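J.: below is the sequence, then the predicted model.
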Amino acid sequence: MAVVARRRLGLARCSCTHHGASVEASSYAAAADSTAPTSTCTVESAQGTHLFHIAGYNLHEHLRAGTSICSDPFSVGGYDWAVQLLLPR
């Protein structure tokens, strides 16, 4: 028996830029001043697919509950990821 986990990853990275005062101070400044500091958040996204094939899955039944099996690292969106399968109790 083999278990195949196919995982589609959707990743989002947010890069924030603050102009002027700190975020805590900006809410107070907005009430008193129409030229209050502003902030912008630009989201970039990346997608990828990884196939994690566990050959002989039923041979892993002797492992303790809570034990995990990990995939090799793979890259999506400039970051390294791994799939971790936690064995049932």
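T.: Nice, I can see it. Numbers count the residues shown, from 1 in each chain.
J.: what about the protein, any weak spots by pLDDT?
T.: Scanning the chain for pLDDT under 70 picks out the ranges 1-34, 89.
J.: show me the helices in it, by range?
T.: 23-32 (DSSP state H).
J.: where do the strands sit along it?
T.: Along the chain, counting by DSSP state E, strands occupy 2-19, 38-55, 68-70, 74-76, 79-81, 84-86.
J.: can you pull the buried residues of the last one?
T.: The neighbour-count check on strand 84-86 (16 or more other CB atoms under 10 Å) flags residue 85 as buried. In short, each C-beta sits where N, CA and C put it, glycine included.
J.: same deal with stretch 44-64?
T.: For stretch 44-64, by 16+ other CB under 10 Å, it's 50, 52, 54.
J.: for stretch 78-89, same thing?
T.: 83, 85.
J.: just the CA trace of that stretch, in CSV.
T.: This file holds the C-alpha atoms of stretch 78-89, laid out as CSV (Å, rounded to 0.1, in the frame of the first residue of the first chain):
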residue,chain,number,x,y,z
GLY,A,78,11.5,31.6,-2.7
TYR,A,79,11.0,29.7,0.6
ASP,A,80,11.8,26.0,1.5
TRP,A,81,8.9,23.9,2.7
ALA,A,82,8.4,20.3,3.7
VAL,A,83,5.2,18.1,4.2
GLN,A,84,5.0,16.5,7.7
LEU,A,85,2.6,13.6,8.1
LEU,A,86,1.7,12.9,11.7
LEU,A,87,0.7,9.3,12.3
PRO,A,88,-2.7,8.7,14.0
ARG,A,89,-3.0,7.6,17.6
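J.: I appreciate the help and will end here.
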